[in-house]
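Asker: This is the structure alone, sequence omitted:
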């Protein structure tokens with residue numbers, strides 16, 4: 001039985017786990033029900049309902065629905081649809097999954113129809129697509145984030161599945177179905193589907209024979225997964241090697257994926273260590289590459305090496321603070337004109353290489369200060385060099 005198809009929501013009221021988008025007071029739902037929703041992009045983890053929401057939007061707004069994947073999308077396919085609805089009274093909804101993979105020429109084809117609103121473009125991705133879309137696309141659309149489906153919502157979905165079947169599932173099996181699915185409703189329903197094809201009595205033993213470990217990013221009702229991750233990160237930030245290794249072991253033993261742990265270490269290397277020890281980012285990036293190729297059990301050694309290295313590294317969050325402050329300034333409207341000497345192909349530009357490595361010139365039309373280097377590790381040497389060259393002015 002295809003549980004994914006059976007339980008696919010048909011309306012906003014059927015949607016489970018995305019109340020910030022589906023509740024009667026949610027702006028997205030209001031815009032759809034008024035028939036005025038504009039071009040939109042959705043992002044979130046796998047199995048959280050991105051495609052389902054696109055279908056619900058099409059149904060709610062009574063629009064013809066066309067579904068594509070950016071990895072196989074042909075421009076000619078789009079042009080045929082555009083031509084078909086050129087003079088139609090009703091516009092179609094074109095849904096593009098993996099939208100962050102759209103090539104620039106594909107995005108350019110979308111611009112005219114987005115501008116004249118002859119079609120409604122809906123995109124979805126497991127990554128934030130605004131970093132891969134052109135500014136022209138971004139300015140014509142809205143962005144919505146979907147959250148991982150929490151365990152209480154997955155429990156509701158599982159109850160719906162069992163109500164429609166004659167399956168027998170004991171409580172330990174139900175708990176494993178929910179907690180091992182990592183907020184991924186599709187993953188939970190697929191595991192239920194495969195196990196029900198083996199036996200109508202679903203046991204923990206049967207489920208574990210099909211999925212031995214939890215999916216990356218899984219969380220329990222009390223958020224313990226995230227507490228363990230947080231405890232490891234904060235222990236590394238605090239340079240406590242034994243606590244950090246302990247929490248690493250807890251995450252590994254709990255079925256966390258090596259990829260997830262490695263990604264968290266890469267983020268920490270930049271956020272909490274930064275230029276106090278630039279090698280930390282290089283090492284953790286190598287760790288992430290290595291564990292993706294090797295996997296457990298050997299990946300535990302690579303992860304442990306990275307954790308110990310990060311613990312023993314000097315800490316600085318100056319880059320983290322600097323970019324946050326700069327982004328805040330930009331979002332609050334600090335949009336400065338670019339001085340002409342640093343625009344493209346301007347002859348007034350002074351190349352520092354022609355002046356022994358440094359020359360004073362204007363890079364900002366207004367003085368700004370975001371970066372405060374610290375007297376920690378290698379960052380102190382960076383600070384010393386910048387102070388030295390500025391003293392020569």
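Answerer: That came through, no problem. Remember, it's a predicted structure, so these values are computed and weren't measured experimentally.

Asker: mind listing what the nearest residue to residue 237 once chain neighbours are set aside touches?
Answerer: Nearest residue to residue 237 in three dimensions, chain neighbours excluded: residue 272, at 5.0 Å (Cβ to Cβ, 6 or more residues apart in numbering). Bear in mind the C-beta positions are built from the backbone N, C-alpha and C, glycine included. With contact set as Cβ atoms under 8 Å, 6 or more residues apart in numbering, residue 272 has these partners: 233, 236-237, 315-317, 320.

Asker: For the residues you listed, work out which two are farthest apart.
Answerer: Across the contacts of residue 272, no pair lies farther apart than 233 and 316, at 15.7 Å, counting by Cβ to Cβ.

Asker: Between these two, which is the more surrounded one?
Answerer: residue 316 (24 against 19; other Cβ atoms under 10 Å).

Asker: Please tell me how far that one sits from residue 24.
Answerer: Residue 316 sits at a distance of 47 Å from residue 24 (criterion: Cβ to Cβ, to the nearest Å).

Asker: what about residue 88, which helix or strand?
Answerer: Counting by DSSP states H and E, residue 88 is held by no secondary-structure element, helix or strand.

Asker: residues near it, how many?
Answerer: Residues within reach of residue 88, counting by other Cβ under 10 Å, total 10.

Asker: For it, grab phi and psi.
Answerer: Residue 88 adopts backbone torsions of phi -80, psi 150, taken as degrees, to the nearest 10.

Asker: Equivalent analysis for residue 380, please.
Answerer: Per degrees, to the nearest 10, the backbone of residue 380 is at phi -70, psi -30.

Asker: Could I get the pLDDT score of the closest residue to it other than its chain neighbours?
Answerer: Distances taken as Cβ to Cβ, 6+ apart put residue 374 closest to residue 380, at 7.2 Å, once the chain neighbours are dropped. With respect to pLDDT, residue 374 scores 87.

Asker: A helix includes residue 17, no?
Answerer: No - residue assignment for residue 17, taken from DSSP: H, G, I helix; E, B strand; the rest coil, gives coil, which places it outside any helix.

Asker: pretty sure it contacts residue 178?
Answerer: No - under the criterion of Cβ atoms under 8 Å, residue 17 lies out of contact with residue 178, with a separation of 12.0 Å.

Asker: Give me the common contacts of those two.
Answerer: With Cβ under 8 Å, 6+ apart applied, the overlap between the contact sets of residue 17 and residue 178 consists of residue 154.

Asker: ok so, going back, which phi and psi does the residue nearest to residue 237 have?
Answerer: Note on residue 272: its backbone torsions stand at phi -110, psi -20 [degrees, to the nearest 10].

Asker: Please tell me how far it sits from residue 319.
Answerer: Distance from residue 272 to residue 319, by Cβ to Cβ: 10 Å.

Asker: Same question for residue 361.
Answerer: Residue 361 sits 24 Å away from residue 319, taking Cβ to Cβ as the criterion.

Asker: And those two? Which one has more around it.
Answerer: Comparing residue 361 with residue 319 by neighbour count (other Cβ under 10 Å), the higher total belongs to residue 319, at 18 against 14.

Asker: Tell me which residues are up against the helix or strand hosting the more buried one.
Answerer: Counting by DSSP H and E, the secondary-structure element that holds residue 319 is helix 318-331. Outside of helix 318-331, the residues within contact range by Cβ under 8 Å, 6+ apart are 270-272, 274-275, 368, 370-374, 379.

Asker: now, which of those lie within helices?
Answerer: Mapping the contacts of helix 318-331 onto helices (DSSP state H) picks out residue 379.

Asker: Turn the contacts of helix 318-331 into TSV, columns for distance to residue 324.
Answerer: Formatted as TSV, the contacts of helix 318-331 follow (distance: Cβ to Cβ, whole Å):
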residue	distance to residue 324
270	13
271	10
272	14
274	13
275	16
368	14
370	9
371	11
372	12
373	16
374	16
379	17
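
Asker: Which of the contacts of helix 318-331 lies at the shortest distance from residue 28?
Answerer: Residue 28 has its nearest neighbour among those in residue 271, at 31.2 Å by Cβ to Cβ.

Asker: Report the contact partners of residue 201.
Answerer: Counted by Cβ under 8 Å, 6+ apart, residue 201 has contacts 167-168.
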